[in-house]
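Asker: sequence unavailable; structure follows:
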């Protein structure tokens, strides 16, 4: 038994975000919700997905492993309209996932499930020295800048200058984006003449919303993977980026109550 | 003598709709208007066009057969702007069609005519048991759903359940769109307290506006042809779809007073 | 020493307009501003650029020749946002151009300079008998019309009919756009009853804003080059087009205080 009902918009975005890196994944469903994790075909990146049942307006489930062809499910989701209601059901007998889009017409899709067993992959519980939280739009723009120069980028943080730098170095050319932490400053001017009337609020740079750096780190990553990881984000989504010297970068973000975690191995310079 | 003047917008749409299926066509012009019909190169579909002279703001014509290169005329029409006035004239001496777009500048196009004789193709006068009238946008969406699964689709109507179903069946996957007839219900609540004041009108599903089914039918058609037939429709255009067991499907719609009829042979399952 | 600060929008447009025809160019910078000129690789067209220092909000420069890879600079400029401030600096030691986009984040690009010496190309000081000033949008549309028929177009002016005609002739087909000079007419109706109150202003065709023709001319030009020359114009930009029999066409337009001049050799019919 598996039946889950939700709005089309966020679920479509979740599937898109997951399918950028992996082609197939095992949805481990139980009464708590849907969990899934998989490595990309080159084993450089790991994606982990957690959709708690609270994301759904209706959710009933036993314990099942649903082997999902993500490319096929993405195409089905792409056919949904943003105000559709999605109903997903598991047809145990035929081993198929039935998806219904309900609106003023009813549209049914039946998709064969793969025989993918749960791989018990978990995101390793690493303690990171550094965490940067940043708007997805600005991060994606920095990736596109880097693309002009090289297919690898360097992410670096420095505890002394409070800067998060995304840079790229080619044989001749160079590009970098510098995110500086501007402290939020709200200055309330209040004088005799203007008592309680004037409030001047400085407009602040809120692209980078958190910057906790315990030790400097500088690592090189594959640009194409980072683009895939962030491709489905909206400009105002907040990415939590965890960094450490010679450590994989961990990127986390939420889509409507679901949590996506991506881990990407650094490139070891030879 | 042939001279016809009209607004660019609708005429452009008519030429687009016709050129999706056939490359060349003979415009049989006379004092009543323009008629044309042709089969697609594979002889699976027939398109028939009737543009009465009332569509034009000015129309004078003798009896001529104008052999039109539809691809060329489509490209010329694509150059028109929606507020242009189009003037078409037949240059008998040079056997060319002169097209003028008038706006704040004058743009002239001269196009050589083909030697296509009128083929006297007529849409056969078949009596259909079933007719479904439906918004073009919803029909086109159902075709796109089907595309995920197979390059053929099944159109079926059933007199017992008042449903028009568009479905597609692949080796593993399946998709279907179900259009149900919702009767228009206007419920007028009128009580002592609210005399003449309250009217509650139920919002109704008006995607399928007519459903006349005398006998069940279920036939398979080539999806690409149905896409071509409906490619130039606007979302709110109404398609009249005539169906019968083992009969070609007939699709009719109007563009600004002109009538387009398409006939598509069913696929006989072997 | 070279440092120039400006808004992203116009500078981006200037670089785009220049890079459509040539791949590399020498920016001859001095205290007055930036000058540059180059021929396209086939030596059919010449582009000349003059960006006076008044275009910049800050400008300091010695005399330098900066060999610019226009394709690379165009890609960097494409990364700017319309409200970015651009800071360009010449790193003499490394022979690089440093470009910074400033907004709520700082983005730096370093680009290697080529060893292109100033070629002292100047736009020849030819006296033209004819000048037509016309909105870029209408000119570009006429080029697109011509594209349906041939890859060359004919530009002709005639002192007797006050028309500027852009035409194209294929083996079978023909297209032409006719720009007529409509004199600006402002008719002030002023009668006893409406003294000082009624003013009727005729809406005029202002696509062609100037037409000074001393002698008829008719010349053929390569369509693709004229498209490149006008590709970066906005619809309402005014093109000054200088024409004469057997003379190259000269096209001039301004982008935010900078002046671009293009010269294109006519095609000599064999």
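Answerer: Right, received. Where do you want to start? Bear in mind that the values here come from a model prediction, so they are computed numbers and not experimental data.

Asker: rest of the way, CA atoms for contacts and neighbours
Answerer: OK.

Asker: so where do the strands sit in the stretch 101-250 of chain A?
Answerer: Counting by DSSP state E, counting those that start in this stretch, the stretch 101-250 of chain A has strands at residues A:106-112, A:130-135, A:152-158, A:163-169, A:174-180, A:186-187, A:200-201, A:208-213, A:217-222, A:238-243, A:249-255.

Asker: what's the fifth one packed up against?
Answerer: Based on contacts counted as 3 or more Cα pairs under 8 Å, 6 or more residues apart in numbering or on different chains; DSSP states H and E, the elements that strand A:174-180 packs against are helix A:136-147, strand A:163-169, strand C:106-112.

Asker: can you list the strands that it pairs with?
Answerer: strand A:163-169 (antiparallel), strand C:106-112 (antiparallel) (DSSP bridges).

Asker: possible to save the helices and strands packed on strand A:174-180 as a markdown table with mean pLDDT and mean neighbour count?
Answerer: Shown next, in a markdown table, are these (pLDDT from 0 to 100; neighbours: other Cα atoms under 10 Å in any protein chain shown):
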| stretch | mean pLDDT | mean neighbour count |
| --- | --- | --- |
| helix A:136-147 | 96 | 20 |
| strand A:163-169 | 96 | 22 |
| strand C:106-112 | 96 | 22 |
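
Asker: in JSON lines, list these along with distance to residue C:96.
Answerer: JSON lines is the format used below for those (distance: least, Cα to Cα, whole Å):
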{"stretch": "helix A:136-147", "distance to residue C:96": "18"}
{"stretch": "strand A:163-169", "distance to residue C:96": "14"}
{"stretch": "strand C:106-112", "distance to residue C:96": "4"}
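
Asker: closest to residue B:146 out of the ones you listed?
Answerer: When these are compared by Cα to Cα, helix A:136-147 sits nearest residue B:146, at 34.4 Å.

Asker: can you list the residues that contact that closest one?
Answerer: Residues outside helix A:136-147 that contact it (Cα atoms under 8 Å, 6 or more residues apart in numbering or on different chains): A:152-153, A:166-168, A:175-177, A:207, A:223, A:226-227, A:230-231, A:233-239, C:76, C:79.

Asker: of the residues you listed, grab the buried ones for PyMOL.
Answerer: Those of the contacts of helix A:136-147 that meet the burial criterion (16 or more other Cα atoms under 10 Å in any protein chain shown) are gathered into one PyMOL selection, given here:
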select buried, (chain A and resi 152+153+166+167+168+175+176+177+207+223+226+227+230+231+233+238+239) or (chain C and resi 76+79)
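
Asker: quick one on the thing from earlier: same list (the strands paired with strand A:174-180) but as CSV, adding distance to residue A:35.
Answerer: CSV is the format used below for these (distance: least, Cα to Cα, whole Å):
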stretch, distance to residue A:35
strand A:163-169, 32
strand C:106-112, 38
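
Asker: ok, now which ones touch the closest residue to chain B within the stretch 151-270 of chain A?
Answerer: Across the stretch 151-270 of chain A, the shortest distance to chain B (Cα to the nearest Cα) belongs to residue A:232, at 21.8 Å. Contacts here follow Cα under 8 Å, 6+ apart; on that basis residue A:232 touches A:13, A:16, A:17.

Asker: will you turn those into TSV that also has pLDDT, distance to residue A:136 and neighbour count?
Answerer: Formatted as TSV, the entries for those read as follows, by pLDDT from 0 to 100; distance: Cα to Cα, whole Å; neighbours: other Cα atoms under 10 Å in any protein chain shown:
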residue	pLDDT	distance to residue A:136	neighbour count
A:13	95	14	19
A:16	95	16	21
A:17	95	13	22
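
Asker: how about low-confidence regions in the stretch 101-250 of chain A?
Answerer: A:182-205 (pLDDT under 70).

Asker: one more pass at 80, please.
Answerer: Counting by pLDDT under 80, the stretch 101-250 of chain A shows low-confidence ranges at A:117-120, A:181-205.

Asker: close to chain B: what parts of the stretch 101-250 of chain A are there?
Answerer: Neighbours of chain B within the stretch 101-250 of chain A, by Cα under 8 Å from any Cα of the partner chain: A:104, A:105, A:106, A:107, A:108, A:109, A:110, A:111, A:112.

Asker: give me that answer again for 10 Å
Answerer: Where proximity means Cα under 10 Å from any Cα of the partner chain, the interface of the stretch 101-250 of chain A facing chain B comprises A:101, A:103, A:104, A:105, A:106, A:107, A:108, A:109, A:110, A:111, A:112, A:113.

Asker: mind picking the two most distant members of those?
Answerer: A:104 and A:113 (28.2 Å).

Asker: looking at these two, which one has more neighbours?
Answerer: Shown here are residue A:104 and residue A:113; by other Cα atoms under 10 Å in any protein chain shown, residue A:113 has more neighbours (21 against 17).

Asker: measure that one to residue A:70 for me?
Answerer: Residue A:113 is 10 Å from residue A:70, where distance means Cα to Cα, to the nearest Å.

Asker: residues that sit against both of the two, list them.
Answerer: The overlap between the contact sets of residue A:113 and residue A:70 (Cα atoms under 10 Å, 6 or more residues apart in numbering or on different chains) consists of residue A:26.

Asker: identify the residues contacting the closest residue to residue A:248 other than its chain neighbours.
Answerer: Residue nearest to residue A:248 in three dimensions, not counting chain neighbours: residue A:265, with 4.3 Å by Cα to Cα, 6 or more residues apart in numbering or on different chains. Contact partners of residue A:265, counting by Cα under 10 Å, 6+ apart, are A:43-46, A:219-222, A:225, A:246-250.

Asker: run the last query once more with 8 Å
Answerer: A:44, A:45, A:221, A:247, A:248, A:249.

Asker: spatially nearest residue to residue A:66 (excluding sequence neighbours)?
Answerer: Of all residues beyond its chain neighbours, the one nearest residue A:66 is residue A:27 (4.9 Å), with distances taken as Cα to Cα, 6+ apart.

Asker: what's the pLDDT at the one you found?
Answerer: With respect to pLDDT, residue A:27 scores 96.

Asker: that one contacts residue A:38, correct?
Answerer: No. With the criterion set as Cα atoms under 8 Å, residue A:27 and residue A:38 do not qualify as a contacting pair; they are 10.1 Å apart.

Asker: with neighbour numbers in mind, choose between these two.
Answerer: residue A:38 (25 against 21).

Asker: what strand or helix carries that one?
Answerer: In the assignment (DSSP states H and E), residue A:38 maps to strand A:33-39.

Asker: same thing with residue A:50?
Answerer: In this structure, residue A:50 is located in strand A:45-52 according to DSSP H and E.

Asker: how far is that strand from where the chain is centred?
Answerer: Here strand A:45-52 is found 9 Å from its chain centre; the criterion is Cα atoms, centre = their mean, to the nearest Å.

Asker: mind listing residues that contact that strand?
Answerer: Contacting residues not belonging to strand A:45-52 are listed as A:18, A:21-22, A:32-40, A:122-123, A:225, A:257-265 [Cα under 8 Å, 6+ apart].

Asker: can you tell me how far residue A:142 is from residue A:125?
Answerer: Distance of residue A:142 to residue A:125, given as Cα to Cα: 28 Å.

Asker: residue A:76 against residue A:109, yeah?
Answerer: Yes. Under the criterion of Cα under 8 Å, residue A:76 lies in contact with residue A:109, with a separation of 7.4 Å.

Asker: so residue A:158 bridges to which residues?
Answerer: Residue A:158 forms beta bridges with residue A:163, as assigned by DSSP bridges.

Asker: just to check, it is in contact with residue A:211?
Answerer: No. Residue A:158 lies out of contact with residue A:211 (Cα under 8 Å); the separation is 10.1 Å.

Asker: could you chop chain A up by domain?
Answerer: In the assignment given by automatic domain parsing, the structural domains of chain A cover A:2-112, A:130-252.

Asker: done for today, thanks.
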